[in-house]
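> coords below, sequence missing:
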């Protein structure tokens, strides 16, 4: 089964530092997402990305966050000036053609970010 | 707005017994419903989905779920639970009218005892 891969699996960073989380979506997928899960809480939508631009974002996804697809395979989430409350598991996900009803969104294993 | 409720934080069941994990949803349009499972220290793994057609959908590992439009529910079931089914289960909904994002429920921890 095709997979979404994420790196790093775990990162510890000091408060105020910048972090980049990387994802390789499934190869023929066109729609990409970032979600996060704070420990013990529900999985929350951050942002979706299609055709090299953000298609939708949540209130959580403020100016501290940015996404980029720097080449044909990677999809990154950058968190600037990290705060303690940014500590969470960050999931990348992807889906194939947009607009096709019900296409499954596949998730990666997650990147666990700890801000100290 | 779309939302999902999983009323039980945890479900305990003995191995071999039937397992049910409850989910209700709210959307303004037609719902696309999904179940995902998260094993310890792992990502979200797709189990099954309802798009249209038969209300009973079958998925991976012997799981199935029944879509009930009148009750706005999509309960996950397995006739005979295994210890290895112990995990965190998430119900999710996507309303086509609300874009392509999934909205998740709070999750239900399933503990299957030998």
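Arrived safely, thanks for sending. Keep in mind that this is a model prediction, so the values were computed, not measured. Numbering: from 1, shown residues only, chains lettered A, B, ... in the order given.
> and the residue in chain B positioned nearest to chain A, what pLDDT?
Of all residues in chain B, residue B:51 sits closest to chain A, with a separation of 3.5 Å (C-beta to the nearest C-beta). Just so you know, the C-beta spots here come from the backbone N, C-alpha and C atoms, and that holds for glycine as well. pLDDT recorded at residue B:51 is 87.
> Wait, it touches residue B:32, no?
Yes: using C-beta atoms under 8 Å, residue B:51 makes contact with residue B:32 at a distance of 5.6 Å.
> These two - which one has more neighbours?
residue B:32 (21 against 17; other C-beta atoms under 10 Å in any protein chain shown).
> what does chain A put close to chain B?
A:4, A:31, A:33, A:35, A:41-45, A:48, A:55-56, A:91, A:93, A:95, A:98, A:101-102, A:104-110 (C-beta under 8 Å from any C-beta of the partner chain).
> And the residue nearest the centre of chain A, how far from chain B?
Residue closest to the average C-alpha location in chain A (C-alpha atoms, centre = their mean): residue A:34, at 2.8 Å. Computed as C-beta to the nearest C-beta, to the nearest Å, the residue A:34 to chain B distance reads 11 Å.
> where does the closest residue in space to that residue that isn't next to it in sequence land in three-state SS?
Counting by C-beta to C-beta, 6 or more residues apart in numbering or on different chains, the nearest residue to residue A:34 once its immediate chain neighbours are dropped is residue A:46, at 4.3 Å. Put simply, residue A:46 is strand when judged by DSSP: H, G, I helix; E, B strand; the rest coil.
> Count the neighbours of residue A:46 for me.
Neighbour number of residue A:46 under other C-beta under 10 Å is 21.
> Pretty sure it sits against residue A:58.
Yes: with contacts counted by C-beta under 8 Å, residue A:46 reaches residue A:58, the gap being 5.8 Å.
> Give me every residue in chain B lying close to chain A.
B:32, B:34, B:36, B:42-46, B:49, B:51-52, B:90, B:92, B:94, B:96, B:99-107.
> Looking at these, which are in helices?
Residues of the residues of chain B next to chain A located in helices (DSSP state H): none.
> among these, which ones are buried?
B:32, B:34, B:36, B:43-46, B:49, B:51, B:90, B:92, B:94, B:100-107 (16 or more other C-beta atoms under 10 Å in any protein chain shown).
> shaky segments in chain A?
For chain A, residues meeting the criterion pLDDT under 70 lie at A:1, A:98-102.
> if we can go back for a sec, for the residue nearest to the centre of chain A, give the beta-bridge partners.
residue A:47, residue A:92 (DSSP bridges).
> Equivalent analysis for residue A:107, please.
Applying DSSP bridges, one finds that residue A:107 bridges with residue A:93.
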